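In: here is my input, please return the structure:
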Amino acid sequence: MSDLLPEMMGRFPTLTERPSSDHPAVNVPAEDLVAVLHYLRDEKGFDHLADLTGIDNGLEASPRFTVVYHVFSTRDHGWVRIAADCPDNAAPAVPSAVSLWPGANWHERECFDMFGIRFEGHPDLRRILMWDGYPHHPLRKDFPLAGIETPLSDAEVAAETGTTAIAAPMAGGPFVAGAGKLNLGEAEPHAKDESWSERHPQPGQPELRQVKE
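Out: Reported below is the predicted structural model:
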C-alpha cells in the first residue's frame, strides 16, 4: 500500500494527495472520478465500496460540495479514500458509481437526499430517508440543527392530526464534543445547555404544538 499513491498519481496526473491521518487519500477531479474508481477496482483489487458521503464545505466555499468514497480491498486488506469536488455549487453533481459497485445505489440516494448532490447516470435517483417532495437537504450547512417546520407529506394524516413536521427542540443544544478525550463516554457529544427540553422550552422560543388526540 505504501507505493499506491505514487502509482496512482503517475497513472492520473490530475490527482493530488489529500491530507489524511489514517488511510491513503487523494483528490480527484469529477471528470476523472469513474476512471480512477474503475482502476482501483479492476487493477488494484479494491473490490468493496464501503461507503460514500458528502461534505458541505460552507456557504462561502468554492467548491462548496465534495463527495468522499472509502474503498476496501478484501485481498490486501487496505483502504483508500477518494474525494471529488462538485464543479457546480448551485447544482452539485458527480458521475454515479453504481455501474462499478451496485451497493453505491443506496449510498448515492442518501447523499442526494441529505446534501442535494446529484449522481449522473444513477438508475433510480430519489430520496431514501425524507419523503418525495421534501424541500430541504438536512445535512447542508444552511439547514438549522433543530430542523425546519414542514407540511406533512400525507395530506390525510396532516388533516387528521392538525400538525406539521415540527422542528425539534434540540434538547438543550447546541451540542459539543469533548476534545482529546480517550474515554468514548466523555467524547460523546452532549448538550451545552440542558436547561430546556420538550416540557421546558428554551426561553424566548415558542412551545411545541402537541399532536391532537
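In: buried residues, stretch 135-145. List them.
Out: Taking 16 or more other CB atoms under 10 Å as the neighbour-count basis, stretch 135-145 is seen to contain the buried residues 137-140. No exception for glycine: its C-beta is placed from N, CA and C like everyone else's.
In: between these, which sits nearest residue 151?
Out: Proximity to residue 151 was ranked across the buried residues of stretch 135-145 by CB to CB; first place goes to residue 138, at 16.0 Å.
In: return the list of helices and strands in contact with the top helix by length along the chain.
Out: The residue-count maximum for a helix in the chain (DSSP state H) belongs to helix 104-115. With contacts defined as 3 or more CB pairs under 8 Å, 6 or more residues apart in numbering; DSSP states H and E, the packing partners of helix 104-115 are strand 48-56, strand 118-120.
In: try it again at 6 Å.
Out: Of the remaining helices and strands, those touching helix 104-115 by 3 or more CB pairs under 6 Å, 6 or more residues apart in numbering; DSSP states H and E are strand 48-56.
In: what are the pairing partners of the following helix or strand past the strand it packs on, and which direction each?
Out: Towards the C-terminus, the helix or strand next in line after strand 48-56, according to DSSP states H and E, is strand 65-73. Paired with strand 65-73 in the same sheet, following DSSP bridges, are strand 48-56 (antiparallel), strand 78-85 (antiparallel).
In: and the helix or strand following the shortest one, what's its mean pLDDT?
Out: Counting by DSSP H and E, the next helix or strand C-terminal to strand 78-85 is strand 93-95. Mean pLDDT, taken over the full extent of strand 93-95, equals 98.
In: kindly report the same for stretch 27-41.
Out: On average, the pLDDT along stretch 27-41 is 98.
In: how far is it from where the chain is centred?
Out: Per CA atoms, centre = their mean, to the nearest Å, the displacement of stretch 27-41 from the mean C-alpha position of its chain is 19 Å.
In: per-domain residue ranges of this protein.
Out: Structural domains of the chain, as assigned by automatic domain parsing, span the residue ranges 4-141, 144-213.
In: from those domains, which stretch is densest packed?
Out: When you average the neighbours per residue for each of those (mean count of other CB atoms under 10 Å), domain 4-141 leads with a mean of 16.
In: quick one: the residue nearest to residue 64 when sequence neighbours are not counted from residue 136, how far?
Out: For residue 64, ignoring the flanking residues on the chain, the nearest one in space by CB to CB, 6 or more residues apart in numbering is residue 89 at 4.3 Å. When distances are taken as CB to CB, to the nearest Å, residue 89 and residue 136 turn out to be 17 Å apart.
In: same deal with residue 107?
Out: With the distance defined as CB to CB, residue 107 ends up 20 Å from residue 136.
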